[in-house]
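*Asks:* sequence and predicted model, in that order:
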Amino acid sequence: MITLRQLFLNHNAQTTHFPLLLEFERAKGVYLYDKENKPYLDLISGIGVSNIGHSHPKVINAIKEQAEKYMHLMVYGEYVQAPQVKFAEKLASLLPSQLQSTYFVNSGAEAVEGALKLAKRYTGRANIIACKNSYHGSTHGALSVMGNEEYKQAYRPLLPGIQFIEFNNPVDLEQINTETACVLIETIQGEAGIRVPDMAYMQTLRERCTQTGTLLILDEIQVAMGRTGKMFAFEHFGIVPDILVMAKALGGGMPIGAFISSTEIMGSLKENPILGHITTFGGHPVCCAAGLAGLEVLLDEQLIEQVEQKEKLMRGLLVHPAIRETRGKGLILTIELESFEFNKQVIDRCIEHGVITDWFLHCSNSMRIAPPLIITEAQIRQACAVILGALDFYSR
Ligand code: PLP
């Protein structure tokens, strides 16, 4: 009989010649389970999604309850749909006064598209500044602001008027001027291999944007929702963006993205022409209900408060001569190794031993360590022991 794996290869589009081909039957908490019921500790949270763990019962209940009331009713922004309203209100209660208007979309890339369009509309300017080694998504607009030529060269022409500056280099901030519509930047760079900027850099960036009337867009798609030890990563730097972009963990495991701004800035999507951004499924009621339930879990279980302690434990355990550097903030960490080849061997061995990890798009010699925030001390010790064992094995 033809296997599911073969059907997957036959009928599900692939984007590499070497997909992982792991096959899971269910997921719960920090673990994914294969057909033999072997648990795999998800040390990457499905790439930044499962901050509260997989299949949280409160999220499942919220999904069931909402699905029974209604699913899709209308394209985004016309009907008053309780799950969207309640979720936006909850986010507003956690955000500063400049960020009170939320536009829900379907994904991170769509949120980036919306944010870039909004900045162009509000400022009447066309120039965009982004960072080298950035990743903001895979659609044409988001690809245009990706700071790595290798992945976008085949898709030109892309958006014009985009300039790339070096992340965390204050000198480059002088390139922001009165013709710049926006600076789009990850608060902490993810796919660059987890790069945490300096406080002074972020504050100068904020000042320079304010002085030139440029909108500051912070992409927190990978780092919001408590991952860094604060609900939003910008809180570490004493700044507030003009537009905040989120997705991934926002939906508690369901697909949703958002760009959030002031009521005034967001208002520019309403005129000349009307309908500045249109999305059919954006803010799907079931996803909003799941997102709100997930956010309540994050708050009720006081998961963010535990992040710093867990980071310390992990950093203390991840000590090995093969580790060149450990970077990150909270539970978005990485260890840098000598090469991609070595990293890949170690990653494959970790997976064989039941710990799922990965490398980064623009930094292939670094290993991704970003577990669900619910990970326990014992599970951290278990995961680190597997990593150290794999490092030992290939260092011999
Ligand atoms: N921005 C950042 C920082 C990301 O890490 C990602 C995805 O990895 C995106 C944007 C794109 O999000 P999505 O895959 O939901 O389109």
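*Replies:* Received, thanks. Numbers count the residues shown, from 1 in each chain.

*Asks:* closest residue of the chain to the ligand?
*Replies:* Scanning the chain for the residue nearest the ligand gives Gly108, at 2.1 Å (criterion: C-beta to the nearest ligand atom). Backbone N, C-alpha and C define where each C-beta goes, glycine included.

*Asks:* which residues does the closest residue in space to that residue that isn't next to it in sequence contact?
*Replies:* Leaving out its chain neighbours, the residue that sits closest to Gly108 by C-beta to C-beta, 6 or more residues apart in numbering is Ala247, at 3.5 Å. By C-beta atoms under 8 Å, 6 or more residues apart in numbering, the contact list for Ala247 reads 105, 107-108, 111, 221, 256-258.

*Asks:* if you set the cut-off to 10 Å instead, what comes out?
*Replies:* Counting by C-beta atoms under 10 Å, 6 or more residues apart in numbering, Ala247 touches 48-49, 105-112, 137, 219-222, 224-225, 255-259.

*Asks:* ok, the residue of the chain closest to the ligand - contacts?
*Replies:* 48, 135-139, 142, 219-222, 245-248, 250, 255-258.

*Asks:* mean confidence score for stretch 61-74?
*Replies:* Per-region confidence: stretch 61-74 scores 98 on mean pLDDT.

*Asks:* run through who's touching it.
*Replies:* For stretch 61-74, using C-beta under 10 Å, 6+ apart, the contacting residues are 56, 79, 81-83, 252-254, 280-281, 284-294, 296-297.

*Asks:* give the buried residues for that stretch.
*Replies:* 62-63, 66 (16 or more other C-beta atoms under 10 Å).

*Asks:* same deal with stretch 273-289?
*Replies:* 276-277, 279, 281-289.

*Asks:* up against the ligand, what does the chain have?
*Replies:* Within the chain, the positions near the ligand by C-beta under 6 Å from any ligand atom are 47, 107-109, 112, 135-137, 186, 190, 219, 221-222, 247.

*Asks:* who wins for neighbours among those residues?
*Replies:* Greatest neighbour count in the residues of the chain next to the ligand, by other C-beta atoms under 10 Å, goes to Asp219: 34 neighbours.

*Asks:* if we can go back for a sec, identify the farthest-apart pair in the buried residues of stretch 273-289.
*Replies:* Gly276 and Ala289 (26.2 Å; C-beta to C-beta).

*Asks:* so Ile129 is in which element?
*Replies:* Per DSSP states H and E, Ile129 falls inside strand 127-131.
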